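Student: here is the input, now give the coordinates:
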Amino acid sequence: MARDADRTRKRLLEAAAVEFSALGIAGARIDRIAEAAACNKAMIYAYFGNKDQLFDAVYTADVAAFLEKVHFDATDLPGYAGMLFDYFQDNPATLRLTTWYQLERPDGAPLRTIVSANEKKLEELRRAQRDGVLPGRYAPLELLGLVRSIATGLASKPPDLSAEDPADRDRRRHAVVDAVRRLITDE
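Tutor: Just a heads-up that it's a prediction; the model follows:
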């Protein structure tokens, strides 16, 4: 029976995504990923090289899926924040992968997919500021960071605050969109 390399790769990526989103890079175990994918762990090394490269493949695929669904528009940052919030609510594993990437790779080489996407966003923000569509009180990098922080801050509900926050998803989404709208209002 011939092996289907693409199907094996897909199973490995799916199993690795579950493992990495739950435990991060350091906590993930190749043997658990191989077992969950129902294949030999040697296949992971053959297809991806090592655990870090497997994480890169998982996260790159996740970012690509994210970019397909969440479109950036510098002229509608409240709308973008709402889409970010929605995506992270519907795909909590993406938020966890992003958090692990940021925590465990603060000084590592950034992934090209992410660098490219961020460069485009920053250029759009610069253009919107030059055109007077957005105020210039924050540098583009600061503005992008603030928008992301607002959206992700309410997309994830920390256990220590969950009891204090009975707000439903629609209310939290409204708060995200409103906060970003106020952030960019020239007052």
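Student: what ranges in the protein fall below the confidence cut-off?
Tutor: 1-3, 158-167, 186-187 (pLDDT under 70).
Student: kindly report the domain assignment for it.
Tutor: Domain assignment for the chain by automatic domain parsing gives 1-58, 70-187.
Student: between the ones you listed, which one is closest to Ala64.
Tutor: Distance to Ala64, taken as C-beta to C-beta, is lowest for domain 70-187 among those, at 6.4 Å. C-beta: built from backbone N, CA, C; applies to glycine.
Student: biggest helix in this structure by residues?
Tutor: helix 5-27 (DSSP state H).
Student: what's in contact with it?
Tutor: 28-29, 32-34, 36-39, 43-44, 47-48, 51-52, 54-55, 57-59, 61-62, 93-94, 96-97, 100, 103-105 (C-beta atoms under 8 Å, 6 or more residues apart in numbering).
Student: one step back: now the domains of the chain as a markdown table including mean neighbour count?
Tutor: Shown next, in a markdown table, are these (neighbours: other C-beta atoms under 10 Å):
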| stretch | mean neighbour count |
| --- | --- |
| domain 1-58 | 16 |
| domain 70-187 | 15 |
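Student: would you map the helices across the protein?
Tutor: Counting by DSSP H, the helices of the chain are 5-27, 30-37, 41-48, 51-69, 77-90, 92-104, 112-130, 140-155, 159-162, 169-184.
Student: does Leu183 touch Ile150 like I think?
Tutor: Yes: if you go by C-beta atoms under 8 Å, Leu183 and Ile150 touch, sitting 7.4 Å apart.
Student: got a list of what the residue most central in space within the chain touches?
Tutor: Nearest residue to the geometric centre of the chain (C-alpha atoms, centre = their mean): Thr98, 4.4 Å. For Thr98, the contact set (C-beta under 8 Å, 6+ apart) comprises Thr152.
Student: distance of it from Ser21?
Tutor: Distance, Thr98 to Ser21, using C-beta to C-beta, to the nearest Å: 10 Å.
Student: mind listing what the nearest residue to Ala151 once chain neighbours are set aside touches?
Tutor: Sequence neighbours aside, Leu84 is the residue nearest to Ala151 in space, at 3.8 Å (criterion: C-beta to C-beta, 6 or more residues apart in numbering). By C-beta under 8 Å, 6+ apart, the residues touching Leu84 are 70, 147-148, 151-152, 155, 176.
Student: closest one of these to Pro110?
Tutor: Distances from Pro110 to the contacts of Leu84, taken by C-beta to C-beta, are shortest for Arg148, at 15.4 Å.
Student: residues contacting that closest one?
Tutor: Arg148 sits next to Leu84 when contact means C-beta under 8 Å, 6+ apart.
Student: right, I'll call it a day here.
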